[in-house]
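Enquirer: Here is the input, now give the coordinates:
(one chain, ligands or ions: 1)
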Amino acid sequence: MKILVINTGSSSLKFRLFRYNDLKLLAKGLVERIGGKSQIFKISWNDKVKEMEVKAEDHKAAFKLVIDELMSDEYGLIKNISEIKGVGHRVVHGAEKFAHTVLIDNEVIEILKECIPLAPLHNPANLAGIYAAKAIIGDVPNVGVFDTAFHQTLDEKAFLYALPYEYYEKMRIRRYGFHGTSHKFVSLRVYELLNQKPEGIRMITCHLGNGASLAAIKDGISVDTSMGMTPLEGVVMGTRSGDFDPAIILFIMRQTGLSVDEVDKVLNKKSGLLGLSGISNDIRDVEAAADKGNERAKLAIDVYCYRIKKYIGAYAAAMEGLTDLVFTAGLGENDPLVREKSCKGLEFLGIKLDPDKNDKPGSERLISADDSRVRVWIIPTDEELMIARETKEVIGNLKKVPS
Ligand code: ADP
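Expert: A predicted model of the protein is given here:
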């Protein structure tokens, strides 16, 4: 028996196949360039990889292709489609409707449609993945795991913006937060490593990938997070600005005559590390340029880390204490310089890194000094495994438990 996890973007469909019993990863891959002239299919399984050009004009065709490939004798992964006991879907925006993972039925689909204005790029692609799974594997349970769900515990004082209150009442303008599946996964892993219940743990999780967000997690509950109504707010990201004075948007539009869509593109695609450095959205390129003396590259790294540091301070204050600080995702797991600069000077909060542990390559570990009051961790994230776990849980709770 297997669980299939699907993550659809506007032009891609990523998948992972897990064994049902122990959630061992059996295969992973993607179809990319959906909507383009031709598509690329990639799969890795049993230490083998394969890549080929394919034709899959939309998400449904891409999903069918994935299923056909998974059932091909070449991989020895699935013989019969009935072996797939459930499909877990990553869904970006569940707004205020979903505080937990849910079994996707027609009512859920209707609510997801209502959420489209809040995530116009992501939710339609997620829905396309759900429709495709329903069309191609019939009545297998489809489970929705929401990026926003983990942060539905935020208190009003943390999620409300100081705008006219009716904007919240009428348009649901508020902080939702994202990367919830990742923040939850790494926090659960810390409790497991500590062999401790969440009560009494005041944790800040820093998910630093291409998109980036921090979460303040007190007693196992997300009490604040840096992304907002959309994934644009908060810390500096690869190409997204993060926080800035909203009046700048009006200023730019008046000064340059840029349209709403053009400004949207500047803030989401041309800002962040890329915009500041003028080099790349990838910190590795920016650091390489900084090493060669490029001043803007140095500045971009400074701004990036300073913003994280400010959020760490803010969240320690919000939780009235701090016991654990976690770094995860592409930069969080792999970039010692970012971790060092983001923690520098925070000894007064009890954060003291061990430079050797921080610098040394490797995966899951503690990187704080032995006398640091706050434990500082690197915890590799695995959002797909988290989705598989939650999918299995939902399936397990259905009346007819799979054999
Ligand atoms: P996504 O948000 O797309 O899932 P990831 O979590 O994979 O992204 O993070 C991708 C980013 O992580 C890259 O753009 C790069 O800046 C950074 N990154 C990846 N690998 C490394 C590395 N070995 N050293 C430093 N930074 C890295």
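
Enquirer: So which bits of the helix or strand containing Ala62 are buried?
Expert: Per DSSP states H and E: Ala62 is located in helix 59-70. Residues 59-67, 69-70 are the ones in helix 59-70 that count as buried (16 or more other CB atoms under 10 Å). C-beta: built from backbone N, CA, C; applies to glycine.

Enquirer: can you list the residues of the protein near the ligand?
Expert: Within the chain, the positions near the ligand by CB under 6 Å from any ligand atom are 209-211, 238, 282-284, 329-331, 334-335.

Enquirer: Flag the shaky bits of the stretch 301-403 of the chain, pLDDT-wise.
Expert: For the stretch 301-403 of the chain, applying pLDDT under 70 flags the ranges 399-403.

Enquirer: Assign the residue of it found nearest the ligand to helix, strand or coil.
Expert: Taking CB to the nearest ligand atom, the ligand has its nearest neighbour within the stretch 301-403 of the chain at Gly330, 2.0 Å off. Per DSSP: H, G, I helix; E, B strand; the rest coil, the secondary structure class of Gly330 is helix.

Enquirer: Next: Gln196.
Expert: coil.

Enquirer: I'd like to know how far it sits from Asp243.
Expert: 33 Å (CB to CB, to the nearest Å).

Enquirer: same thing with Gly321?
Expert: 24 Å.

Enquirer: quick one on the thing from earlier: CA atoms only for the helix or strand that the helix holding Ala62 is followed by - export them in CSV, please.
Expert: Once the chain leaves helix 59-70, the next helix or strand it forms, by DSSP H and E, is strand 84-91. This file holds the C-alpha atoms of strand 84-91, laid out as CSV (Å, rounded to 0.1, in the frame of the first residue of the first chain):
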residue,chain,number,x,y,z
ILE,A,84,-2.5,3.9,-3.8
LYS,A,85,-4.5,4.3,-0.6
GLY,A,86,-4.6,8.0,-0.5
VAL,A,87,-3.3,11.2,-2.2
GLY,A,88,-2.0,14.0,0.0
HIS,A,89,-2.2,17.4,-1.6
ARG,A,90,-0.2,20.4,-0.5
VAL,A,91,-2.7,23.3,-0.5
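
Enquirer: and Leu267, that's in a strand?
Expert: No. Read with three-state DSSP, Leu267 is helix and lies in no strand.

Enquirer: coming back round to it: so Gln196 and Asp243 - more neighbours on which side?
Expert: When neighbours are counted by other CB atoms under 10 Å, Gln196 and Asp243 differ, and Asp243 comes out ahead with 15 against 12.

Enquirer: Please report phi then psi for the more buried one.
Expert: phi -60, psi 140 (degrees, to the nearest 10).

Enquirer: how far is the lengthiest helix in the chain from where the chain is centred?
Expert: When the chain is parsed with DSSP state H, its longest helix is helix 295-319. What separates the centre of helix 295-319 from the centre of its chain is 19 Å, taken as CA atoms, centre = their mean, to the nearest Å.

Enquirer: Next: stretch 228-239.
Expert: 12 Å.

Enquirer: Please tell me I have it right and Phe63 contacts Ala125.
Expert: No. In this structure, Phe63 is not within contact of Ala125 by CB atoms under 8 Å, at 11.9 Å.

Enquirer: which parts of the strand or helix carrying Lys157 are buried?
Expert: Per DSSP H and E, Lys157 falls inside helix 156-159. By neighbour count on 16+ other CB under 10 Å, the buried set for helix 156-159 is 158-159.

Enquirer: for stretch 218-233, same thing?
Expert: 218, 220, 222-233.

Enquirer: ok, now which ones touch the closest residue to the ligand within the stretch 151-300 of the chain?
Expert: Of all residues in the stretch 151-300 of the chain, the one sitting closest to the ligand is Gly209 (2.5 Å; CB to the nearest ligand atom). Going by CB atoms under 8 Å, 6 or more residues apart in numbering, Gly209 touches 238, 329-332.

Enquirer: mind redoing it with 10 Å?
Expert: 179, 182, 237-238, 328-333, 381 (CB atoms under 10 Å, 6 or more residues apart in numbering).

Enquirer: One more: Ile3?
Expert: Ile3 neighbours (CB under 10 Å, 6+ apart): 16-20, 23, 26, 84-88, 141, 143, 387-389, 391-392, 395, 402.

Enquirer: So which of those residues belong to strands?
Expert: 16-19, 26, 84-88, 143 (DSSP state E).

Enquirer: Generate TSV for those, with pLDDT as supplementary columns.
Expert: TSV is the format used below for these (pLDDT from 0 to 100):
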residue	pLDDT
Arg16	98
Leu17	98
Phe18	98
Arg19	97
Leu26	97
Ile84	96
Lys85	96
Gly86	96
Val87	98
Gly88	98
Val143	97
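
Enquirer: Out of those residues, which is nearest to Gly94?
Expert: For those, the minimum distance to Gly94 (CB to CB) is 12.5 Å, reached by Val143.

Enquirer: these two touch, right, that closest one and Phe98?
Expert: No. Contact criterion CB atoms under 10 Å: Val143 and Phe98 do not qualify, at 11.5 Å.

Enquirer: Those two: who's more crowded?
Expert: Val143 (26 against 20).

Enquirer: Find the nearest non-adjacent residue to that one, please.
Expert: Among residues not flanking Val143 along the chain, Thr391 sits closest, at 4.2 Å (CB to CB, 6 or more residues apart in numbering).

Enquirer: who touches the one you found in this structure?
Expert: Thr391 makes contact with 3-5, 18, 20, 23, 85-89, 101, 103, 141-145 under the criterion CB under 10 Å, 6+ apart.
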